Every structure is written in C-alpha cells, then in structure tokens.
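Q: Can you look at this prediction? I've put the sequence above it.
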Amino acid sequence: MAAISGLIRVMERAARKAGTRLRRDFGEVEHLQVSRKGPSDFVSKADRNAERTIYEELRQARPDWGFLMEESGTVEGAPGK
C-alpha cells in the first residue's frame, strides 16, 4: 500500500471525528435542530457542528491556511496561502 501523507491523515481524522458526531446527532433525529438558509435550503445544528469539527482539526494542523466552508463562509488565511 502506498504511503499516506501526513496531511491526508489529518484530513481523515477530521472526517472520522465529524462522522462520529453526525451519526450521534442523526441517531437522535427527533432532537435535531433545523433552520432555513434559503428557499428549499435547510441546515441543521449537526451540519454546523460537523463543519466546526473539521475546521478545528484542519486549522490545528495548518494554522496559516484559509478555508472556504459551506455554512460559515470564508476564513482568510495567511497572505499567499
């Protein structure tokens, strides 16, 4: 098997952590808080939590990077990143 880069490992860990939280949140769907972003466009608290989890994990590994996120928009990174 080919070697996996350190960044891929960080990304995988972030996705798995967010996935665990999503499974838990959607397992309790009767308590899921949903709001409307626009016409026929809904977002849940679980969506926001998953995005925050991924962002925090990646930000820890690459603090100077910028991010474009579905729910939160753009977070500027260091110039040139």
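A: Thanks, I have it.
Q: where does the nearest residue to Ala61 once chain neighbours are set aside fall, helix, sheet strand or coil?
A: Of all residues not flanking Ala61 in the chain, Val10 sits nearest, at 4.3 Å (Cβ to Cβ, 6 or more residues apart in numbering). Using the backbone N, CA and C atoms, a C-beta is placed for each residue, glycine as well. Under the three-state scheme (DSSP: H, G, I helix; E, B strand; the rest coil), Val10 adopts helix.
Q: Please tell me I have it right and Val10 contacts Leu58.
A: Yes: using Cβ atoms under 8 Å, Val10 makes contact with Leu58 at a distance of 6.7 Å.
Q: quick one on the thing from earlier: counting neighbours, what do you get for the residue nearest to Ala61?
A: 15 (other Cβ atoms under 10 Å).
Q: quick one, what contacts it?
A: Glu57, Leu58, Ala61, Arg62 (Cβ atoms under 8 Å, 6 or more residues apart in numbering).
Q: taking those residues one by one, which sit in strands?
A: Counting by DSSP state E, no part of the contacts of Val10 is found in strands.
Q: Who wins on neighbours among these?
A: Most surrounded of the contacts of Val10: other Cβ under 10 Å gives Glu57, at 19 neighbours.
Q: what about the residue minimising distance to the centre of the chain, distance to Gly80?
A: Closest residue to the average C-alpha location of the chain: Glu51 at 2.5 Å, with Cα atoms, centre = their mean. Using Cβ to Cβ, to the nearest Å, Glu51 is found at 25 Å from Gly80.
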